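Novice: Model the following, please.
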Amino acid sequence: MESLAVLDQYRLNFNAEGLHVLNISLAIIMFGVSLDIKWSNFLTILDRPKSFIVGIVSQFFLLPAFTFLLVSLIKPTESVALGMILVASCPGGNISNFISSLAKANIELSISLTAVSTVITVFMTPLNFALWGGMYVAQSNLLHPIQIDFWQMFQTVVLILAIPLVLGFSFSRIKPRWALKVKKPIRILSLVIFAGFIGVALANNFGLFIKYIHLIFLLVLLHNGLALLVGYSISRSFKLPFKDQKTVTIETGIQNSGLALVLIFNPQIFPADLQIGGMAFIAAWWGIWHMISGFSVAYIWNKIEKKSIF
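Specialist: The predicted structure follows:
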């Protein structure tokens, strides 16, 4: 894994303006997602508390823990390991609900998990990263370990996720008709902005990705495969309905790597002089790969169900 160290010599072409665009796009996405959240989604938890609890445990407890075991076993460079731990500490990605619908999973459970995980991630993302990342840094014995600032990370997550969530939920309650009208345009706008940002960011760093993708491709493939396996295994172990198994698998395997990038490029959390190119490479490729794996899993499940019908 020594060759991974070369990634830390590079800092992705991602300036302050780009960071503002990413922050805004994530906030708009979360505002749009929150327009779909209703009190009935939270009541769904009472109807199927077992599936909900399994989903939360899988995403916020098992995935970070298994990620720590994975990086301790394969021993990548410190920044790559911390990038994997940070991604595992983030909530479900903004396309998890869409992929759940394609997979014919339990949409109500997916939305409920998205809603609650977004609320608790304000605490759980900084906590998990500080806990597992801190343990990895402590055992790495490097001369200049990365310092993990819990409170700066907490403030960033509140700003990007929690505030838009509260605003969107409140808006849909106060102005339900307006919320219904703007929901689709906001969703389209946010996805266009986010996709445009990813496209520009990839174009600006295309040379670096082509040159070094071979170093992180298998790592992200292995890590994402582990995430999907964790979600599927625990939901199957607890004998959840198959629809719920699919939902928990998707929610665990689709991570908000956009949030990870926001945190990585926040100079108050990770100063610009730190060599953390490995973290950025991991989070950036995760953002692309988990869409490929998510759509693939949905396609496979649909194929299997069609065959079982006939």
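Novice: which regions of the stretch 151-300 of the chain sit below the pLDDT cut-off?
Specialist: Along the stretch 151-300 of the chain, the model assigns pLDDT under 70 to residues 152, 187, 190-191, 193-206, 272-273.
Novice: Is Asn266 in a helix, a strand, or coil?
Specialist: Secondary structure assignment for Asn266 (DSSP: H, G, I helix; E, B strand; the rest coil): coil.
Novice: what sits against the closest residue to it other than its chain neighbours?
Specialist: What sits nearest to Asn266 in space, not counting adjacent residues and going by Cβ to Cβ, 6 or more residues apart in numbering, is Thr156, at 5.6 Å. (Each C-beta comes from the backbone N, C-alpha and C, glycine too.) Thr156 sits next to 262-263, 266, 269 when contact means Cβ atoms under 8 Å, 6 or more residues apart in numbering.
Novice: Count the residues that sit near Ser233.
Specialist: The burial count assigned to Ser233 is 16, neighbours taken as other Cβ atoms under 10 Å.
Novice: moving C-terminal of the helix or strand where it lies, what's the next helix or strand?
Specialist: Secondary structure here is read from DSSP states H and E; on that basis Ser233 sits in helix 206-237. Per DSSP H and E, the first helix or strand lying C-terminal to helix 206-237 is helix 242-253.
Novice: helices or strands next to that following helix in the packing?
Specialist: Packed against helix 242-253, as judged by 3 or more Cβ pairs under 8 Å, 6 or more residues apart in numbering; DSSP states H and E, are the following elements: helix 49-57, helix 96-102, helix 107-128, helix 206-237, helix 277-309.
Novice: Just the buried positions in that helix, please.
Specialist: Of the residues in helix 242-253, those buried under the neighbour-count criterion (16 or more other Cβ atoms under 10 Å) are 243-253.
Novice: could those residues go into JSON lines alongside distance to Gly134?
Specialist: Putting the buried residues of helix 242-253 into JSON lines (distance: Cβ to Cβ, whole Å) gives the following:
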{"residue": "Lys243", "distance to Gly134": "37"}
{"residue": "Asp244", "distance to Gly134": "33"}
{"residue": "Gln245", "distance to Gly134": "33"}
{"residue": "Lys246", "distance to Gly134": "34"}
{"residue": "Thr247", "distance to Gly134": "31"}
{"residue": "Val248", "distance to Gly134": "28"}
{"residue": "Thr249", "distance to Gly134": "29"}
{"residue": "Ile250", "distance to Gly134": "29"}
{"residue": "Glu251", "distance to Gly134": "26"}
{"residue": "Thr252", "distance to Gly134": "23"}
{"residue": "Gly253", "distance to Gly134": "25"}
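Novice: Pick out whichever of those sits closest to Phe60.
Specialist: Minimum separation from Phe60 among those (Cβ to Cβ) is found for Thr252, which lies at 9.6 Å.
Novice: show me what contacts the closest residue in space to the closest one that isn't next to it in sequence?
Specialist: In space, and not counting its chain neighbours, Thr252 is closest to Gly231: 3.0 Å by Cβ to Cβ, 6+ apart. For Gly231, the contacting residues are 55, 58-59, 63, 248-253, taking Cβ under 8 Å, 6+ apart as the criterion.
Novice: what's the burial count for the closest residue to Leu222 other than its chain neighbours?
Specialist: Spatial nearest neighbour of Leu222, excluding adjacent residues (Cβ to Cβ, 6+ apart): Leu70 at 7.4 Å. Burial measure for Leu70: 18 neighbouring residues, criterion other Cβ under 10 Å.
Novice: Now do the host helix or strand of Leu70 against helix 242-253, angle only.
Specialist: Remark: Leu70 resides in helix 63-74, with elements defined by DSSP H and E. Direction vectors for helix 63-74 and helix 242-253, defined by axes from the mean of the first three to the mean of the last three Cα atoms, to 10 degrees, enclose an angle of 60 degrees.
Novice: Can you name the next helix or strand after helix 63-74?
Specialist: Toward the C-terminus from helix 63-74 - assigned by DSSP H and E - lies helix 78-89.
Novice: who does that next one touch, helix- and strand-wise?
Specialist: Taking 3+ Cβ pairs under 8 Å, 6+ apart as the contact cut, helix 78-89 packs with helix 63-74, helix 107-128, helix 134-140, helix 206-237, helix 257-264, helix 277-309.
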